[in-house]
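[1] Sequence first, then the predicted structure, then my questions.
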Amino acid sequence: MLMDTDEVSRRVQKCLRKFLDSSGRKDQAISGQTNLHTGFGFSSDEGLDLVLELCDEFNYEFPNDFNPVIHRDGKRGNSVNELTAAVSHYLANAKASA
């Protein structure tokens, strides 16, 4: 069964909350427009840890070149909404090829 966008968003935000709390950023509010790099201060290296959280949450192995913090163009950070869209895209493609 394919997850709807609201379910993916809820679960991505759950991972972000867990990651923010564990990295000492408990006071950070999460909104769809928040930039993971400039808004939360996540480094590209922290993206590696975050993707592991996402893998566990969704029981899916994201591609090795997927960095949830940095936009695919490499020039800016992803917003929470962009991260949710990317996760939805990967999950939909996995379901389509299964």
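    Everything's here; your move.

[2] Return the distance of Lys14 relative to Arg76.
    From Lys14 across to Arg76, the span is 24 Å (CB to CB, to the nearest Å). Yep, even glycine has a C-beta here, placed from its N, CA and C like the rest.

[3] And the helices in this structure?
    Along the chain, the segments classed as helices by DSSP state H run 5-22, 44-58, 80-97.

[4] so the last one versus helix 44-58, what angle?
    Which is helix 80-97. When axes from the mean of the first three to the mean of the last three CA atoms, to 10 degrees is applied, the directions of helix 80-97 and helix 44-58 differ by 50 degrees.

[5] Could you give me the buried positions within helix 80-97?
    Across helix 80-97, burial judged by 16 or more other CB atoms under 10 Å covers 80, 82-88, 90-91.

[6] Which strands or helices does that helix pack on?
    When contacts are defined as 3 or more CB pairs under 8 Å, 6 or more residues apart in numbering; DSSP states H and E, helix 80-97 packs onto helix 5-22, helix 44-58.

[7] Other residues contacting that helix?
    2-3, 5, 8-9, 12-13, 16, 30-34, 36, 54, 58, 60, 62-63, 66, 68, 71-72, 78 (CB atoms under 8 Å, 6 or more residues apart in numbering).

[8] Next: the shortest one.
    Under the criterion CB under 8 Å, 6+ apart, residues 11-12, 14-16, 18-19, 23, 36-37, 42, 60-62, 66-70, 87, 91 lie in contact with helix 44-58.

[9] cutoff 7 Å now
    For helix 44-58, contacts defined as CB atoms under 7 Å, 6 or more residues apart in numbering pick out 11, 14-15, 18-19, 42, 61-62, 66-70, 87, 91.
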